[in-house]
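1. Need a 3D model of the following:
(chains A and B)
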Amino acid sequence: MSRSHHRPPHRRPVRHLPSRLLTGSVLAVFLAFFVLPVLWLVLAATKTDQQLVHDNPLSFGSWHALKANWHALTAFQDNAVMQWLGNSALYAVISLVITLGVAIPAGYALAMTEFRGRHTLLFATLVVMLMPNATLVVPLFLEINAVHLIGTMWSIILPYSFYPFGVYLTYIYFTTAVPKDLLAAARMDGCSEFRVFWHIALPLATPVVALVGFFSFVANWTNYFLPYVMLPESSQMPIQVGVGTLLSNVPSFNPTVGDLAIQRPQLALATLVAITPVLIVFLFAQRFLVSGMLAGATKE
Amino acid sequence: MTLTHSPAGSATRRRRGAARQSRAGMAFVAAYVVLLVAFGVLPTAYAIYFAFTDAGGTVTGFANFVTTAQDFRFLDAVSHVAVYLAFWLLSLVVFVVALALLLHRLASGSASKALRFLYYIPGALAGAASVLVWLFMLDPTVSPVSSLLGALGFHTFGEVIAPGNLPLLFTVIAFWTGAGGWIVVMYGALNNIPADVMEAARIDGAGAWQTAWHVQIPMLRKWIVYMVILAFAGGAQLFVEPQLLSLASVGVAGRDYSLNQLTYDFAFQMNNINGAAAVSVELLVVSVSAAAVFVARSGFFDAD
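-> Residues are numbered from 1 along each chain as shown, chains lettered A, B, ... in the order given. Predicted structure coming up:
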């Protein structure tokens, strides 16, 4: 009797050990895959090009080298990097405001109100959401050119502000996480639809606003093809296109480069500058990422 | 008294409420409809119009499609994208689902949360930044995994980025930046599998692998389809990776590696807007058709 009671505890650890080791090993390998390049990037910015080649790839260089890289980078084309960063901030923030102002009310209306054409609009949203948007860059160029906006910031801000994924995400959120009865009660009390939205629905929608805002910001900040086509001047480039052009000036990647050389540690530093705003926004948004996605996940 | 309480009065109030809600709904979607038409419908219409006409506006049937298909670069671009898509979609389905399941099995919630966060970080480097990072990772002179590259037979940057390796390299870059977000989505979906379903499987004697294969993965089906649809659309429009690589590798990866690059080349280098539109239409048709097939087979949007 007592022996039979003891047997399961004895067997369980032995049986689980290989499985647990396997789980841990796989997760550790992927952790290295995801994190190692970022770690390398941070350390590369603290090295000279010589140190980059000869020292341990994961060693720290020096504060002096970091400072020298920073000065060399900011000296490139009269501090073009800072201009690109400012451009990105301008484009991303303006389009973020428009995106949220358009997508959240639209998703709410699709979920919570009835109007003629609602199902058609929802279907169109799904179709457009599934279209590869970079494929439409050429016709978009023609259209923007027809209204003489090429070379202006609106040539990318307006397309950026069209975000069907955000509309759909908001729609899913309101259909699954916000009870209709609550809003119906407010309407019975005589509230206008706008007041129902502004005072009741919107506060409840904080997670999805953060979620749509985050995805929109990241998508626009990291977009390459559209600004590459629409904004031909160097002074107009967002930082992602800018660091792409820096690549042409790195001798080890492009041996034909002339006097305007950029060394690899400086390219690493420029890349860090390019991604820092996204990481900052990510830190603020991340607690909504899981809760918001969970709300979306309950669509099943 | 009776007049104020009449059913007709109530019906009238309900009709006025419904009408008000309808007007409000339309007001709320008005700005979105404008953007949908301007940046969803019109570009599509533009693409179709130019694809079926010539520079003078004359309707030419399928001439633009034939001409672009006969370009010596077209079939190569198609095969490059097709091979890349196969690698990319397979890596997502296998590794994202596997990692989400493993993270879900971790007894330590805080470890699972920390790992999900760390896996997500590379998402901040999507776009040009991710390509730059991986150019360094793949350069044996500076890479932290240069010994691994050496073991695989690659001793120079040129060897690493040989044309035959590119589909796999682009897959690695795309997975590194995109997988983290999908892992969070899959993890969330796993959390929503009812506890009693999991308990029933355990009582029936199912181990971890059996539960994953017979219970969890089937219940993730819709999300896997969703992931495949969006990843297919994203992958078909490959542009920044080969474009930047063409700057970093004197001639190894051309500026016409992918269909989107070819579209760009037709439009802005060869001044052939109509040919560019034809290729765009082809990409749109393939992507939307694939999405339609996936949706129809999975019933993804049935709940709508």
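2. Name the helix or strand for residue 43, please.
-> You didn't say which chain, so I picked chain A. helix A:2-44 (DSSP states H and E).
3. Not quite, go with chain B.
-> Assessed by DSSP H and E, B:Pro43 sits inside helix B:42-51.
4. Can you list the buried residues in that helix?
-> B:42-44, B:46-51 (16 or more other Cβ atoms under 10 Å in any protein chain shown). Using the backbone N, CA and C atoms, a C-beta is placed for each residue, glycine as well.
5. Any chance of CSV for the residues you listed, columns pLDDT and distance to A:Ala274?
-> What follows is the buried residues of helix B:42-51, written out as CSV (pLDDT from 0 to 100; distance: Cβ to Cβ, whole Å):
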residue, pLDDT, distance to A:Ala274
B:Leu42, 91, 31
B:Pro43, 90, 28
B:Thr44, 89, 32
B:Tyr46, 88, 32
B:Ala47, 88, 31
B:Ile48, 89, 36
B:Tyr49, 90, 37
B:Phe50, 89, 34
B:Ala51, 88, 35
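6. Please go through those residues and note which also touch chain A.
-> B:42-44, B:46-47, B:50 (Cβ under 8 Å from any Cβ of the partner chain).
7. Tell me the confidence at the nearest residue to A:Tyr224 once chain neighbours are set aside?
-> Among residues not flanking A:Tyr224 along the chain, B:Val240 sits closest, at 4.2 Å (Cβ to Cβ, 6 or more residues apart in numbering or on different chains). We have a pLDDT of 86 for B:Val240.
8. Thought A:Ile200 was touching A:Leu183, still the case?
-> Yes: A:Leu183 is within contact range of A:Ile200, at 6.2 Å (criterion: Cβ atoms under 8 Å).
9. Tell me which of these two has more neighbours.
-> More crowded of A:Leu183 and A:Ile200, by other Cβ atoms under 10 Å in any protein chain shown: A:Leu183, with 21 against 17.
10. Which elements pack onto the helix or strand where the more buried one lies?
-> Assigned by DSSP H and E, A:Leu183 belongs to helix A:180-188. Applying 3 or more Cβ pairs under 8 Å, 6 or more residues apart in numbering or on different chains; DSSP states H and E, one finds that helix A:180-188 contacts helix A:193-196.
11. so what does the helix it packs on touch, helix or strand wise?
-> Using 3+ Cβ pairs under 8 Å, 6+ apart: helix A:193-196 touches helix A:180-188, helix B:7-36.
12. ok, then the element right after it?
-> Toward the C-terminus, helix A:193-196 is succeeded by helix A:202-204 as the next helix or strand (DSSP H and E).
13. quick one: is that following helix near chain B?
-> No: using Cβ under 8 Å from any Cβ, helix A:202-204 stays clear of chain B, coming no nearer than 11.7 Å.
14. ok, residues contacting that helix?
-> A:104, A:177-178, A:209 (Cβ atoms under 8 Å, 6 or more residues apart in numbering or on different chains).
15. Helices - which of the residues you listed land there?
-> Within the contacts of helix A:202-204, residues falling in helices by DSSP state H are A:104, A:209.
16. Can you select the buried ones from the contacts of helix A:202-204 in PyMOL?
-> Entered in PyMOL, the line below selects the buried ones among these, by 16+ other Cβ under 10 Å:
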select buried, chain A and resi 104+177+178+209
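17. tell me which of the contacts of helix A:202-204 is nearest to chain B?
-> A:Ile104 (9.1 Å; Cβ to the nearest Cβ).
18. I'd say that closest one and A:Val212 touch.
-> Yes: between A:Ile104 and A:Val212 there is a contact under Cβ under 8 Å: 6.9 Å.
19. Common neighbours of these two, please.
-> What both A:Ile104 and A:Val212 touch, as defined by Cβ under 8 Å, 6+ apart, is the set A:166, A:170.
20. do stretch A:83-92 and chain B meet?
-> No: contact of stretch A:83-92 with chain B (Cβ under 8 Å from any Cβ) is absent, the minimum separation being 10.8 Å.
21. contacting residues around that stretch?
-> The list of residues contacting stretch A:83-92 from outside it, by Cβ under 8 Å, 6+ apart, reads A:153, A:156-157, A:160, A:217, A:220-221, A:227, A:235-243, A:273-274, A:277.
22. And it, what's buried?
-> A:83-85, A:87-88, A:91-92.
23. out of everything not next to it in sequence, what's closest to B:Leu135?
-> Excluding its sequence neighbours, the residue lying closest to B:Leu135 (Cβ to Cβ, 6+ apart) is B:Ala248, at 5.6 Å.
24. typed the wrong thing, it's B:Trp182
-> B:Val96 (4.7 Å).
25. In terms of residue numbering, what are the domains of chain A?
-> Split into domains by automatic domain parsing, chain A comes to A:18-61, A:75-295.
26. Please settle this for me: is B:Ala98 part of a helix?
-> Yes: counting by DSSP: H, G, I helix; E, B strand; the rest coil, B:Ala98 falls inside a helix.
27. Identify the residue nearest it in space, chain neighbours excluded?
-> A:Val26 is the one closest to B:Ala98 (Cβ to Cβ, 6+ apart), at 7.4 Å.
28. contacting residues around the helix or strand that contains B:Ser130?
-> Following DSSP H and E, the helix or strand that holds B:Ser130 is helix B:128-137. Residues outside helix B:128-137 that contact it (Cβ under 8 Å, 6+ apart): A:37-38, A:40-41, A:44, A:222, A:224, A:240-241, A:243-244, A:247, A:253, A:264, A:267-268, A:271, A:274-275, B:122, B:125, B:142-145, B:169, B:172-173, B:176-177, B:240-241, B:244-245, B:248.
29. just checking, which of those residues belong to helices?
-> A:37-38, A:40-41, A:44, A:240-241, A:243-244, A:264, A:267-268, A:271, A:274-275, B:169, B:172-173, B:176-177, B:240-241, B:244-245, B:248.
30. angle of the next helix or strand after the helix holding B:Pro43 against helix B:42-51?
-> Using DSSP H and E, the next helix or strand after helix B:42-51 towards the C-terminus is helix B:63-70. Relative orientation of helix B:63-70 and helix B:42-51, computed by axes from the mean of the first three to the mean of the last three Cα atoms, to 10 degrees: 80 degrees.
31. Cool, thanks, talk later.
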